[in-house]
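[1] need coordinates for the below:
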Amino acid sequence: MKGVQNVSRIGKMPVAIPADVTVDIGEGNFVTVKGPKGTLSRKLVDDMNIAIEEGQVVVKRPSDLKRHKSLHGLTRTLISNMVEGVTNGYTKTLEIQGVGYRAAKDGKTLNLTLGYSHPVVMTDPEGVSSAVEGNKITVTGIDKEKVGQFAAEIRQKREPEPYKGKGIRYVGEYVRRKAGKAGKK
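    Next comes the predicted model:
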């Protein structure tokens, strides 16, 4: 395999720009993406060469240094996530399991009753909204990072325990169960 140049498979793929989305690349790789759901801006690494060619965003790396190789795919994925966010948005759904565990929404405030001596109160961060329907909490927004972070913070308030499976988990998340104490015979 000597002589074969190792190119990032994700980094070399261009990011398609939909018709209703505009991408601006400013000074120092400051990328702004505007779409029907909103606007996202992000300062990306100066080392990468970002250009718009034929309605697609192309990311190229200046050299084969290990740092440039690792940043190549990351930069492309960050731009792709911004385009996806302003077109479709992101959603994470959590479910609450356990007797007496509840969630209620009051404006931008999320009130959680999770078996503690006090209610847990959380406020939606800017650009992210949450909704409660039965025992499910849906977190939506255009920034993938913020949506994932807020969903993780909600889950962290009462992580699922391995004996009865009570707590907050992502929909479809598998919680590994343990056997309880063995009874006397």
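
[2] ok, and the closest non-adjacent residue to Lys178?
    In this structure, Lys178 finds its nearest non-sequential neighbour in Pro162, 4.5 Å apart by Cβ to Cβ, 6 or more residues apart in numbering. C-beta: built from backbone N, CA, C; applies to glycine.

[3] now do that neighbour, the pLDDT please.
    Per-residue pLDDT puts Pro162 at 92.

[4] hang on, isn't it packed against Ala179?
    No. Applying Cβ atoms under 8 Å, one finds Pro162 not in contact with Ala179, separated by 9.7 Å.

[5] and Asp64, what element?
    Assigned by DSSP states H and E, Asp64 falls within no helix or strand.

[6] number of residues surrounding Asp46?
    When neighbours are counted by other Cβ atoms under 10 Å, Asp46 registers 10.

[7] over to it. Which of the three states is it?
    Assigned by DSSP: H, G, I helix; E, B strand; the rest coil, the conformation of Asp46 is coil.

[8] I'd assumed Glu27 was in contact with it.
    No. Asp46 is beyond contact range of Glu27, at 9.9 Å (criterion: Cβ under 8 Å).

[9] and the pLDDT for the closest residue to Asp124 other than its chain neighbours?
    Spatially, and ignoring its direct neighbours in sequence, Asp124 is nearest to Lys108 (4.6 Å; Cβ to Cβ, 6+ apart). Confidence at Lys108, expressed as pLDDT, is 93.

[10] same thing with Gln5?
    56.

[11] try Met1
    We have a pLDDT of 46 for Met1.

[12] related to what we said a few turns ago, give the contact list for the residue nearest to Asp124.
    Thr123, Asp124, Ser129 (Cβ atoms under 8 Å, 6 or more residues apart in numbering).

[13] ditto for Tyr174
    By Cβ under 8 Å, 6+ apart, Tyr174 lies in contact with nothing.

[14] quick one: it and Thr138, what's the gap?
    According to Cβ to Cβ, to the nearest Å, Tyr174 stands 20 Å off from Thr138.

[15] same check on Pro36?
    Counting by Cβ to Cβ, the gap from Pro36 to Thr138 is 20 Å.

[16] just Thr87 next, same as before
    With Cβ to Cβ as the criterion, Thr87 and Thr138 are 19 Å apart.

[17] so Met122 sits in a strand?
    Yes. Assignment of Met122 by three-state DSSP places it within a strand.

[18] who's the closest residue to it other than its chain neighbours bridged to?
    Among residues not flanking Met122 along the chain, Leu110 sits closest, at 4.5 Å (Cβ to Cβ, 6+ apart). On the basis of DSSP bridges, Leu110 is bridged to Lys105, Met122.
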